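In: After the sequence you'll find the predicted model.
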Amino acid sequence: MKLYAYCLTEGLDSVSESLRGIGGARVHLVRAQDFSVLVSDSPGDTVTVNRENALAHAAVVRSVLGETTPLPFRFGTLVTEQQLENYVTARFEALKSKFDHVRGCVEMSVKIIWDREWAEEPQRESPGKPGASFLAEKRREILGSKARAEAAKTIARWLEGCLGETVRDKAFKTDFKGKLLVTAALLVERGSIEPYKTRVKNARVERPELHFLASGPWPPYSFANIDLEFKTRFGVS
Amino acid sequence: MSFEQIIVSENAEQLEESELSLLETLDHVLNRGLVIAGEITISVADVDLVFLGLNVLLSSVETAKEVLRKRDVTDASV
């Protein structure tokens, strides 16, 4: 039987007996080196992507956030106990470093929407080069207007400036189409959450034309992952 | 310290807060986190997501679409 892995934690010795995860399975701890992993038994080989399972995953990871800062696994992580041990052993130093980075923090999210029309660059005709025109049009479809892209980057830099020292780490994305311009994942120390919220509130006042979707606190999903050549190294299929 | 998840949106009147909360949860859970390479095993036979015209959580929608595309490719190759 495989285990469904929710998150990696440090300093956690037990979880509530009543904590339930995917499929209503009881969540328990598995020790791996200096860490504990929240897992539940999984009868199948796959995990269905649906509302119930996604919320169950999130709820389990969130359940420990009051006591510690976990490193969440991505949804759908099914492993054996041996694979889990191998993973932690192989990446022990990287995981320790990651815990050092997120310890005492939570993730806050900001998404910025700008409901405006963006002027497209005039399509330049390329006489005798229909292929070039076709590719240019495809590029525009994929990347959106240049003005929009530049505005997204400018807004991301502006938001970063607004938040300042309230943020320990940040991850911005600006390569979107449509009205969504910027998504920001911010790693915020727990003691800085209120100053952070004030900065976000002030930013909203400063730019009333922008729509903000701010949420949190979350476990640090966006700051958890480390590169791993697990399959290559151990030949796990 | 309590950890209530707070959704603040200028367009709150257009979306139920519960919908926003669900979408934000999906955006985090499906797209991010530690990956033990080769061990993400999900099925999308019963995708149950909320699609919004505002593209508020494009990343979640795109993640689901990507998984569906890969599944179709796999099915077609069988």
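Out: Now that the structure is in, tell me what you want to look at.
In: shaky segments in chain B?
Out: B:1-19, B:37-78 (pLDDT under 70).
In: Next, the spatially closest residue to A:Ile193 that is not a sequence neighbour: secondary structure please.
Out: Leaving out its chain neighbours, the residue that sits closest to A:Ile193 by Cβ to Cβ, 6 or more residues apart in numbering or on different chains is A:Pro217, at 6.5 Å. C-beta coordinates here come from the backbone N, C-alpha and C atoms, glycine included. The assignment at A:Pro217 comes out as strand when based on DSSP: H, G, I helix; E, B strand; the rest coil.
In: Model confidence score at A:Pro217, please.
Out: In the prediction, the pLDDT value recorded for A:Pro217 is 93.
In: and what of A:Glu137?
Out: 71.
In: Equivalent analysis for the one 5 residues further on, please.
Out: According to the prediction, A:Ile142 has pLDDT 61.
In: returning to what we had before: does the residue nearest to A:Ile193 really touch A:Val106, like I thought?
Out: Yes - between A:Pro217 and A:Val106 there is a contact at 3.6 Å, judged by Cβ atoms under 8 Å.
In: Mutual contacts of the two, please.
Out: A:65, A:188, A:190, A:193, B:3 (Cβ atoms under 8 Å, 6 or more residues apart in numbering or on different chains).
In: What about those, which one has the most neighbours?
Out: A:Val188 (24 neighbours; other Cβ atoms under 10 Å in any protein chain shown).
In: For that one, list the residues it contacts.
Out: By Cβ under 8 Å, 6+ apart, the neighbours of A:Val188 are A:105-108, A:166-168, A:196, A:216-217.
In: what about 10 Å?
Out: The contact partners of A:Val188, taken as Cβ atoms under 10 Å, 6 or more residues apart in numbering or on different chains, are A:104-108, A:163, A:166-170, A:195-197, A:216-217, A:220.
In: what's the helix or strand for it?
Out: Using DSSP states H and E, A:Val188 sits within strand A:180-189.
In: Pairing partners for that strand, with directions?
Out: Strand A:180-189 has its sheet partners listed here by DSSP bridges as strand A:105-113 (antiparallel), strand A:169-173 (antiparallel).
In: re the thing from before, need the shared contacts of A:Pro217 and A:Val106 in TSV with distance to A:Gly24, can you?
Out: Listed next are these as TSV, based on distance: Cβ to Cβ, whole Å:
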residue	distance to A:Gly24
A:Leu65	21
A:Val188	33
A:Arg190	31
A:Ile193	32
B:Phe3	23
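In: can you tell me which of the residues you listed lies nearest to A:Phe176?
Out: For the shared contacts of A:Pro217 and A:Val106, the residue nearest A:Phe176 by Cβ to Cβ is A:Val188; the value is 23.1 Å.
In: Tell me the bridge partners for the closest one.
Out: The partner residues for A:Val188, given DSSP bridges, come to A:Val106.
In: Now do the SS call for A:Asp115.
Out: On the basis of three-state DSSP, A:Asp115 is classed as coil.
In: ok, for it, nearest residue in space, not its chain neighbours?
Out: That would be A:Lys179: by Cβ to Cβ, 6+ apart, it lies 5.5 Å from A:Asp115.
In: Now that neighbour: phi and psi?
Out: Main-chain torsions, A:Lys179, degrees, to the nearest 10: phi -90, psi -20.
In: Tally up the residues packed near it, please.
Out: Using other Cβ under 10 Å, A:Lys179 has 17 neighbouring residues.
In: Repeat that for A:Lys138.
Out: For A:Lys138, using other Cβ under 10 Å, the count is 10.
In: So it versus chain B, what's the distance?
Out: Distance of A:Lys138 to chain B, given as Cβ to the nearest Cβ, to the nearest Å: 18 Å.
In: Name the residues of the host helix or strand of A:Val200 that come out as buried.
Out: According to DSSP H and E, A:Val200 maps onto helix A:193-206. By 16 or more other Cβ atoms under 10 Å in any protein chain shown, the buried positions in helix A:193-206 come out as A:193, A:196-197, A:199-200, A:203-204.
In: From the contact counts, what lies against it?
Out: strand A:105-113, helix A:146-163, strand A:180-189, strand A:211-218, strand B:8-9 (3 or more Cβ pairs under 10 Å, 6 or more residues apart in numbering or on different chains; DSSP states H and E).
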